[in-house]
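Colleague: Take this sequence and fold it.
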Amino acid sequence: MIPEWLTTLAAAGSAALVNAASTDVWQAARERFARLLGRGDPGRTEAAARRLDDLRRVVREPGNERELAEARRAWRLRLQDLLEEHPDAVGELRSAIAELPPPLPASAAAAIRQDNRAYDHGTVNAVVNGDLTVHPTRPAASDG
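Modeller: Numbers count the residues shown, from 1 in each chain. This is a model prediction of the structure:
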């Protein structure tokens, strides 16, 4: 049976990884976690990279909260399995987590993934944790 603190570490790793999949640090996180999960085996590293690419696709799709919850659970279990099989990976996982941005609250993550569209020559600006100033556009004068 895996100790509770390792379960907590795996959950933290999963949350950080899922969050990183929607940020500009994704490529570095992907490479780091693929190496961590691969444990020096090129085949396992490549398989982990494919799973990480799947995660990125899930995270980037708007309105998929259930799939995101399942991804967090699946990655927690993968990381728990890793820690059970390779206790020496604890330090590497902690280091990988420390290098990632902290996970966003669910409401902020949903706001980032929202679909913004503008019609009739409009402009859409999305702001997280800041102010938004709207400058309305005027329709072009008709020739008639």
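Colleague: pLDDT below threshold where in the protein?
Modeller: Applying pLDDT under 70 to the chain picks out residues 1, 103-144.
Colleague: What are the boundaries of the helices in it?
Modeller: 4-20, 26-38, 42-60, 65-85, 90-98, 106-112 (DSSP state H).
Colleague: Can I get the ones you listed in TSV including mean neighbour count?
Modeller: Bear in mind the C-beta positions are built from the backbone N, C-alpha and C, glycine included. Formatted as TSV, those follow (neighbours: other Cβ atoms under 10 Å):
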stretch	mean neighbour count
helix 4-20	19
helix 26-38	18
helix 42-60	15
helix 65-85	16
helix 90-98	15
helix 106-112	13
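Colleague: what's near enough to touch Glu99?
Modeller: 25, 28-29, 32 (Cβ atoms under 8 Å, 6 or more residues apart in numbering).
Colleague: Could you check how far it is from Glu92?
Modeller: Distance from Glu99 to Glu92, counting by Cβ to Cβ, to the nearest Å: 11 Å.
Colleague: What of Thr45?
Modeller: Taken as Cβ to Cβ, the span from Thr45 to Glu92 is 13 Å.
Colleague: again, but for Pro3
Modeller: 18 Å.
Colleague: before we move on, what about Ala20?
Modeller: With distances taken as Cβ to Cβ, Ala20 is found 16 Å from Glu92.
Colleague: next one: Ala16
Modeller: With Cβ to Cβ as the criterion, Ala16 and Glu92 are 13 Å apart.
Colleague: how about Arg72, what does it touch?
Modeller: By Cβ under 8 Å, 6+ apart, the neighbours of Arg72 are 14-15, 18.
Colleague: Arg44 against Leu36, yeah?
Modeller: No - Arg44 is not in contact with Leu36 according to Cβ atoms under 8 Å; the separation is 10.4 Å.
Colleague: Skipping its backbone neighbours, what lies nearest Trp75 in space?
Modeller: Ser14 (4.0 Å; Cβ to Cβ, 6 or more residues apart in numbering).
Colleague: Cross-check the contact I'm expecting between the one you found and Arg76.
Modeller: Yes - Ser14 lies in contact with Arg76 (Cβ under 8 Å); the separation is 4.0 Å.
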